[in-house]
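Asks: After the sequence you'll find the predicted model.
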Amino acid sequence: MTDIFQRVYHYILTFNISIFDIVDVTIISVIIYRVLMMVRRSRAAQVAKAILLLLAALVVSSVLQLRVINFFLSHMVAMGMLALIVVFQPEIRRFLEQLGSTTLGDMFSREEAPPEVEEAISQTVQAYASLSRDKVGALMVFERKVPLDDIIKTGTALDSTVAAELLKNLFWNKAPLHDGAVIVRNGHIVGAGCVLPLSGNTNLSRDLGMRHRAGIGMSENSDAVVAIVSEETGSISVAVNGMLKRHLAPETLERLLRNELLPKEDTSGSSNKFSALFKSKKGDKNDGEEVHGK
């Protein structure tokens, strides 16, 4: 074992690698990883592929000395940087918010969710199963890293544990707060009747109502998990990172919420992978359909 360490040490000295170089590479690797995780879950993934193709075409045109094509591509790349900032303004803002609310330790490890979160998920699933059967509209936002204090201020501040009967009362169509969203923080209800930002995406399906558009808009502007019940059809949906998963069975809703809010309990080895739940499983009843809200 000592011989191995000596060889590694000799290798580092041979290439003149210092501890600062290792720290430098580690930090860059973490930043690239976080950016890739953000990109793969949004519309940026498709645009990133197009950018890579343009850069590849730029390199090829330069090697083959295709001067006219190279001229146009180089100018497109130069102007495209400003266009990317405008197009991906929501993603950039969300990334900066997540970066500002993340400690150094969070970059390398995940915090354990409070024990109240698991009970909140169970009570939410019970309430949504009942609300879905009765076709009562519902809109719940589970806060994660990005604080939602501005959203809470638009409604009524509460301080209550999540209970199925309470949720059914809040979303009853004659209740004063039924039109707004319920905000859940660390397993506690902290706001009700809250107003959410609507999605600005013009490509959303026309059969999506205001609740769904508000849910998608909230997920576009934060890292929150939004659970929705349609008042017209009773269908259960969940929005995360601008993507909407529709027509969920209560069992699928519970699995999805656990995967997003309780990553430590993920036994499949794919911690916190929302996209993995989009794949239908054999024999899984009513596993839902995906709608790209972004």
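Replies: Yep, it's here. Numbering: from 1, shown residues only.

Asks: quick one, strands of the protein?
Replies: With DSSP state E as the definition, the chain shows strands at residue ranges 138-142, 156-161, 181-185, 188-194, 225-229, 236-240, 243-246, 289-292.

Asks: need those strands in TSV with mean neighbour count, mean pLDDT and distance to residue 54, can you?
Replies: Yep, even glycine has a C-beta here, placed from its N, CA and C like the rest. Output for the strands of the chain, formatted as TSV (neighbours: other C-beta atoms under 10 Å; pLDDT from 0 to 100; distance: least, C-beta to C-beta, whole Å):
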stretch	mean neighbour count	mean pLDDT	distance to residue 54
strand 138-142	26	97	37
strand 156-161	13	93	49
strand 181-185	27	96	40
strand 188-194	21	95	42
strand 225-229	26	96	34
strand 236-240	25	95	29
strand 243-246	22	92	25
strand 289-292	14	56	22
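
Asks: Dump those to TSV, plus distance to residue 69.
Replies: Listed next are these as TSV, based on distance: least, C-beta to C-beta, whole Å:
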stretch	distance to residue 69
strand 138-142	48
strand 156-161	59
strand 181-185	50
strand 188-194	52
strand 225-229	45
strand 236-240	40
strand 243-246	36
strand 289-292	32
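
Asks: Looking at those strands, which is nearest to residue 203?
Replies: Nearest to residue 203 among those is strand 289-292; the distance by C-beta to C-beta comes to 8.1 Å.

Asks: who wins for proximity to residue 29 among the strands of the chain?
Replies: With C-beta to C-beta, the closest approach to residue 29 among these belongs to strand 236-240: 25.1 Å.

Asks: could you give the angle of that closest one to strand 138-142?
Replies: When axes from the mean of the first three to the mean of the last three C-alpha atoms, to 10 degrees is applied, the directions of strand 236-240 and strand 138-142 differ by 30 degrees.

Asks: low-scoring pLDDT stretches of the stretch 151-294 of the chain, where are they?
Replies: Low-confidence segments of the stretch 151-294 of the chain (pLDDT under 70): 263-294.

Asks: what ranges do the helices span in it?
Replies: Along the stretch 151-294 of the chain, the stretches classed as helices by DSSP state H, counting those that start in this stretch are 164-170, 210-221, 250-261.

Asks: How about the stretch 1-150 of the chain?
Replies: In chain order, the stretch 1-150 of the chain shows helices spanning 2-14, 19-40, 44-63, 67-87, 89-100, 115-134, 149-152, with DSSP H, counting those that start in this stretch as the criterion.

Asks: How about the shortest one, which residues are buried there?
Replies: By that I understand helix 149-152. Of all the residues in helix 149-152, those buried under the rule 16 or more other C-beta atoms under 10 Å are 151, 152.

Asks: Point out the other helices and strands that it packs with.
Replies: Applying 3 or more C-beta pairs under 8 Å, 6 or more residues apart in numbering; DSSP states H and E, one finds that helix 149-152 contacts strand 181-185, strand 188-194.

Asks: For residue 254, which of those strands is the nearest?
Replies: Closest of those to residue 254 is strand 181-185, at 14.9 Å (criterion: C-beta to C-beta).

Asks: Partner strands of the closest one, with direction?
Replies: strand 138-142 (parallel), strand 188-194 (antiparallel) (DSSP bridges).

Asks: For residue 73, find the nearest of these.
Replies: Set against residue 73 and scored by C-beta to C-beta, the strands paired with strand 181-185 come closest in strand 138-142, at 42.9 Å.

Asks: how about low-confidence regions in the stretch 1-150 of the chain?
Replies: 1-18, 34-48, 80-81, 83-114.

Asks: do that again at 90, thanks
Replies: Using pLDDT under 90 as the threshold, the predicted model of the stretch 1-150 of the chain has low-confidence ranges 1-116, 145-147.

Asks: And stretch 168-175, end to end?
Replies: Taking C-alpha to C-alpha, to the nearest Å, the span from the opening residue of stretch 168-175 to its closing residue is 10 Å.

Asks: For it, list every residue counted as buried.
Replies: The neighbour-count check on stretch 168-175 (16+ other C-beta under 10 Å) flags 168, 170, 171 as buried.

Asks: Need the helices of the stretch 151-294 of the chain in a markdown table (columns: distance to residue 78).
Replies: Written out in a markdown table, the entries for the helices of the stretch 151-294 of the chain read as follows (distance: least, C-beta to C-beta, whole Å):
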| stretch | distance to residue 78 |
| --- | --- |
| helix 164-170 | 52 |
| helix 210-221 | 28 |
| helix 250-261 | 39 |
